[in-house]
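1. one predicted model, sequence on top.
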Amino acid sequence: MKIAVLGSTGLTGRLVVARALERGHEVVALARRPAEVPVRASANLWVVRADVTEPGSVAAAVEGADVVVSGLGVTRKQDPAVLSEGARQIASAGPRVIWLTSLGMGGTQGALGAFNGALLKRVLRHEWDAKDAADRAVRGAGGTTVHAGPLTDGPYRGNGHLVRAEEFAPRLIPPRAPRAGIAALMVAEAETPRFADAAGIALFENR
């Protein structure tokens, strides 16, 4: 399988690249600055320059891929439109999309209860609208959005899984999600789609 990774220089995206290579897939790592992709010796890895602000570059980079896995994120100093525009371009490019976003927003609003939901919106106010637009663009094209609570750099011991929105009980404290676990589960969803349906929503939950 050929997997294209958007946001491949980020903390989560680089783990998606590593996991996909470990699983024996061909990987196309998309990056605005290819030199920042942590390159490992592999005949199955191609690093391609692509920038959502340059029309056509993303679509060209994912041509021939079976699936696009996105760990794309923004900092407070970046224009959040990168998220919505990136999702729009990926969604219209053709391959199936698996898109990482935040638990409690988009298709999972209400999953954290009214108080924490309002708090989350305040914390993420810089990127809230762009993330919501990205969520709708991906699911509107038949892709899957993976909603995760606070991401950590801790080890992943296989103690997590993805569940459907209706199986996730609303809670005040969201489950923390190790980036390595999210990467593993997103690659697993690329290999064997379980959430590629009309809802297209998967939530990370600890076992």
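-> Structure received.

2. which helix or strand contains the most centrally placed residue in the chain?
-> What sits nearest the mean C-alpha location of the chain, by C-alpha atoms, centre = their mean, is Leu100, with 2.4 Å. Element membership of Leu100 [criterion: DSSP states H and E] is strand 96-102.

3. pLDDT averaged over that strand - what is it?
-> Mean pLDDT, strand 96-102: 95.

4. what's the closest non-adjacent residue to the most far-flung residue of the chain relative to its centre?
-> Taking C-alpha atoms, centre = their mean, the residue of the chain most remote from its mean C-alpha position is Phe115, at 25.5 Å. Excluding the flanking residues, the one nearest Phe115 by C-beta to C-beta, 6 or more residues apart in numbering is Leu172, at 7.5 Å. For the C-beta atoms, the positions are set from N, CA and C on the backbone; glycine is no exception.

5. I'd guessed the one you found sits against Asn116; true?
-> Yes. Leu172 is within contact range of Asn116, at 5.7 Å (criterion: C-beta atoms under 8 Å).

6. who has more neighbours, those two?
-> Counted by other C-beta atoms under 10 Å, Leu172 and Asn116 do not tie: Asn116 has more neighbours, with 17 against 8.

7. assumed the more buried one was part of a helix.
-> Yes. Asn116 sits within a helix when classified using DSSP: H, G, I helix; E, B strand; the rest coil.

8. so what's it up against?
-> Residues in contact with Asn116 (C-beta atoms under 8 Å, 6 or more residues apart in numbering) are Gly104, Leu172, Pro174.

9. closest to Thr152 out of the residues you listed?
-> Pro174 (11.8 Å; C-beta to C-beta).

10. so how far is Ala130 from the closest one?
-> Relative to Ala130, Pro174 is positioned 20 Å away (C-beta to C-beta, to the nearest Å).

11. with Gly117 instead?
-> Look at Gly117 and Ala130: by C-beta to C-beta, they are 18 Å apart.

12. between those two, who's got more neighbours?
-> Ala130 (20 against 17).
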